[in-house]
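S.K.: Kindly return the folded structure for what I paste below:
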Amino acid sequence: MLSEAIAETAVSRAPSSPLPGKSARSKLKLRQARPGDAQSASHLLREALTPRLADAVFGLGVEGGATGHLEHLFARSGTLWSFDLVTLAELEGQVVGLVSHAPWSELARRYRSTLWSYLRVYGAWKALRLLPRLRALIRASPAVPADHWFIPYLAVSQEHRGNGVAKALLESVHRRADRRSSASSLYVLPENGAAREFYQQAGYSDGTRAESQQLYELAGTRGRLRMDRRVSGT
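M.R.: Next up, the predicted model:
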């Protein structure tokens, strides 16, 4: 199914994030991302992906490569990786975190334009090397219900983890998602206990889990867990 393509390309790896102090909360600013944020956002997005997954989806190399192609994808509107899906967190003018989120139906609608963007950004040869990997990842992904709000990735810079940035970003998503969907969903690595605990504290519970050798070969993990947070009363 087309909808199975979307979330398989990202893994949430947010750390446990307690409430920040009053001074930190007053300095943290959340805003809609812009094309000019591409450089800082692409580095944070890379932190939201396992190295092998970053290479499989973006061709960044498992040892870490230049993020120029990812920056171009971020700056283009209407795709899965576009700035227009992203909320940024800034602290004293520095981008310290970001979260991508949208209705699942909107992400599914963007899939075709994402394929065309790969061809334009990477060129035919590299795009045709990456796209089969993306299709393979699609088949290994747990399905997401059509009426859910989905979070492809949430990332916080390493030096600012643990001070409430991830919590503030997630709460901003919930304020929007709770008005427009029956639940919010995301993926985590089953073995990432810190991320699972963080999302459980935010109201998420374990949902569907997928395991396969193909996931290991492409993403470096044998499993992927979907977690869901239901809107109260649904």
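S.K.: Only C-alpha atoms from now on, for both contacts and neighbour counts.
M.R.: Fine.
S.K.: Bridge partners for the residue nearest in space to the middle of the chain, pull those for me.
M.R.: For the chain, the residue nearest the mean C-alpha position is Tyr153 (1.4 Å; Cα atoms, centre = their mean). In this entry, Tyr153 is beta-bridged to Ser100, by DSSP bridges.
S.K.: wait, doesn't it sit right on Gly97?
M.R.: No: between Tyr153 and Gly97 there is no contact under Cα atoms under 8 Å: 10.7 Å.
S.K.: This protein: strands as residue ranges?
M.R.: Using DSSP state E, the strands of the chain run over 28-32, 86-91, 94-103, 148-156, 183-188, 205-211, 223-230.
S.K.: any low-confidence regions in this protein?
M.R.: 1-26, 61-66, 138, 233-234 (pLDDT under 70).
S.K.: Name the single longest helix found in the chain.
M.R.: Longest helix in the chain, counting residues (DSSP state H): helix 104-122.
S.K.: now that helix, how far from the centre of its chain.
M.R.: 15 Å (Cα atoms, centre = their mean, to the nearest Å).
S.K.: what does stretch 67-82 give?
M.R.: Distance of stretch 67-82 from the chain centroid (Cα atoms, centre = their mean) equals 13 Å.
S.K.: List the buried residues in it.
M.R.: 67, 70-82 (16 or more other Cα atoms under 10 Å).
S.K.: Check the residues you listed and tell me the two furthest apart.
M.R.: Thr67 and Gly78 (19.5 Å; Cα to Cα).
S.K.: what about Ala155, distance to Ala124?
M.R.: 30 Å (Cα to Cα, to the nearest Å).
S.K.: err, Leu44, not the other one
M.R.: 27 Å.
S.K.: neighbour count winner among these two?
M.R.: Set Leu44 next to Ala124 and count neighbours by other Cα atoms under 10 Å: Leu44 wins out with 22 against 12.
S.K.: Quick one: residues contacting that one.
M.R.: Going by Cα atoms under 8 Å, 6 or more residues apart in numbering, Leu44 touches 97-98, 155-157.
S.K.: Check the spacing between it and Gly93 real quick.
M.R.: Taking Cα to Cα, one finds Leu44 at 15 Å from Gly93.
S.K.: can the strands of the chain go into TSV with extra columns for distance to Arg139?
M.R.: As requested, those are exported to TSV (distance: least, Cα to Cα, whole Å):
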stretch	distance to Arg139
strand 28-32	32
strand 86-91	26
strand 94-103	21
strand 148-156	17
strand 183-188	15
strand 205-211	10
strand 223-230	12
